[in-house]
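Chemist: Fold the following, please.
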Amino acid sequence: MNLSSIRIITAEIERLIKFYEHITGLSVVRYTPDFVELRTSITTLAIGSTKTLQFFGGDDIVQPEQNRSIIIEFKVDDVDQDYERLSAYLQGSIVQKPTIMPWGNKSLLFRDPDGNLVNFFTPVTPEAAGRTERN
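Modeler: As a prediction, this is how the structure comes out:
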């Protein structure tokens with residue numbers, strides 16, 4: 001079994017598309033006006049509008065902008081460079097500037113426009129690099 005994707009449901013899909021394309025430098029694949037995917041070499045971040053909830057049983061199964069338990073993580077080559085590149089763009093949404101974590105990653109934490117926590121990290125110890133080698 002493999003984790004294929006994580007999906008964010010949003011009331012403002014264009015806003016999230018622009019945000020994730022900007023921070024990653026990747027372009028989404030648009031399947032419909034209400035569903036896109038941002039593909040990386042390992043997994044996919046899917047973004048769907050609230051209009052897609054009709055296919056899953058109705059509007060009550062997911063509430064956009066209510067997440068406070070998930071961190072969307074991107075392994076990056078140099079978290080300090082990404083911080084310099086994005087600090088002005090992320091002004092007001094940075095939770096933590098690049099910091100070395102006890103498990104050996106240097107992490108930049110910020111929130112997307114819907115309030116989801118995003119982590120850009122770079123392994124900085126051999127142990128951390130070994131854990132993320134497949135990434």
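
Chemist: Show me where the chain dips below the pLDDT cut-off.
Modeler: For the chain, residues meeting the criterion pLDDT under 70 lie at 55, 58-62, 134-135.

Chemist: Strands along that one, start to end?
Modeler: 5-10, 29-32, 35-39, 44-49, 71-75, 94-100, 105-111, 117-123 (DSSP state E).

Chemist: helices or strands next to the first one in the packing?
Modeler: Of the remaining helices and strands, those touching strand 5-10 by 3 or more C-beta pairs under 8 Å, 6 or more residues apart in numbering; DSSP states H and E are strand 44-49. No exception for glycine: its C-beta is placed from N, CA and C like everyone else's.

Chemist: Using CSV, write out every CA atom in the strand it packs on.
Modeler: Presented in CSV, the C-alpha positions along strand 44-49 are these (Å, rounded to 0.1, in the frame of the first residue of the first chain):
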residue,chain,number,x,y,z
THR,A,44,0.3,14.4,-4.8
LEU,A,45,-1.4,17.3,-3.1
ALA,A,46,-5.0,17.5,-4.4
ILE,A,47,-7.1,20.6,-4.0
GLY,A,48,-10.8,20.4,-4.4
SER,A,49,-13.5,23.0,-4.1
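
Chemist: Thank you, goodbye.
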